[in-house]
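*Asks:* predicted model and sequence below, questions to follow.
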Amino acid sequence: MRDYGLPQKAALAGLDTLEANHYTQAKSAVLRGIAALTALEPLLAEIQSGEPIVFKEGLTKLIQQVKKLGKKELKEIEKETVLTLKQEGALEEVPALIACDMNYETAGVKITEYRTSQTEYRKVVESIRAEILEEGEPSLESVCLLWMFRESCLMSEVFSSSEQILVKQKIGDISSQNDCFRRLFEAEFHSVLSNFSTSFLKAKKNLFQNPYLEGVNLMFPFLERRSAIFIDFVVLGTTVADRRKEVLCYLSERGHYAEEVKNGRETLLRIDNSYYRIFPMTKAAYHIPIQGASLVPVYY
């Protein structure tokens, strides 16, 4: 199993579930993060040797470069990164989960998304979770990835709202002990997100809010990476468990890895590398009630 570098690990975690054939705000944020880590790698020696002044100078230039990246440059980064990871068998393009939604399905819309190998995805995510949430100083690599996750709006994919309190404390602790880490976490490029589109500007006030946590304000920027979908099927005479199995079969037939996962008293669906709640639902189409199930993303 290959040991990937910082930019590749960021891509494995960040590109998963993102649409492959569309340029979105979420994808743009991840690509900037990949570019930032690529430029950051040559500066790691300054962190290790404790040269905060030299590191600050290099970091300032890095942030300026990342903020100036245009759509053309970001697409080139995507192309090169995806090609490498595909050749390694760590990333693939599959039919997008959103394409399973009734509206997309009936319209015949074809959308693909990136899917990271489950092994590689869990390796990256579980490693950073362990290092950041456990006591002790995390590795330099985990600190850099944590910074990128914050700037690329990935924190809610990796840490729960309660865990984010611990993450904030960890950032404060390591920043007070290491001046280079402090300068790193003071550096931001996510503010450039506000320039992406007029629609995003209108929703800027919701940048730090997770709609799937009932309006709980988060300490880190949030961008919706996944959408709720509605799957229609006949549910007469079936139990909730039967409906879950029906959805699992439907998703499997369309190329997704889907299974039930117990989470305390509730049962979630793990679809590829992400989790969803399932709710029985009736949706009206042309005044005709259609029975089915709604899948709602579960962010940590």
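*Replies:* The structure has been received and is ready for your questions.

*Asks:* mind saving the C-alpha coords of stretch 55-67 as PDB?
*Replies:* What follows is stretch 55-67, C-alpha atoms only, in PDB (Å, rounded to 0.1, in the frame of the first residue of the first chain):
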ATOM      1  CA  PHE A  55       8.500  30.100   7.500                       C
ATOM      2  CA  LYS A  56       6.200  33.100   7.800                       C
ATOM      3  CA  GLU A  57       7.800  34.700   4.700                       C
ATOM      4  CA  GLY A  58       7.300  31.500   2.700                       C
ATOM      5  CA  LEU A  59       3.800  31.000   4.000                       C
ATOM      6  CA  THR A  60       2.800  34.600   3.100                       C
ATOM      7  CA  LYS A  61       3.800  34.100  -0.500                       C
ATOM      8  CA  LEU A  62       2.100  30.700  -0.500                       C
ATOM      9  CA  ILE A  63      -1.300  32.200   0.600                       C
ATOM     10  CA  GLN A  64      -1.000  34.900  -2.000                       C
ATOM     11  CA  GLN A  65      -0.400  32.400  -4.800                       C
ATOM     12  CA  VAL A  66      -3.300  30.200  -3.700                       C
ATOM     13  CA  LYS A  67      -5.700  33.100  -3.600                       C
END
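
*Asks:* list the buried residues of the host helix or strand of residue 126.
*Replies:* Here residue 126 sits within helix 118-133, counting by DSSP states H and E. The neighbour-count check on helix 118-133 (16 or more other CB atoms under 10 Å) flags 120, 121, 123, 124, 125, 127, 128, 129, 131, 132 as buried. Where you see a C-beta, it was placed from the backbone N, CA and C, and this is true even at glycine.

*Asks:* of those, just say which sits nearest to residue 189.
*Replies:* residue 128 (19.4 Å; CB to CB).

*Asks:* thank you kindly, that will do.
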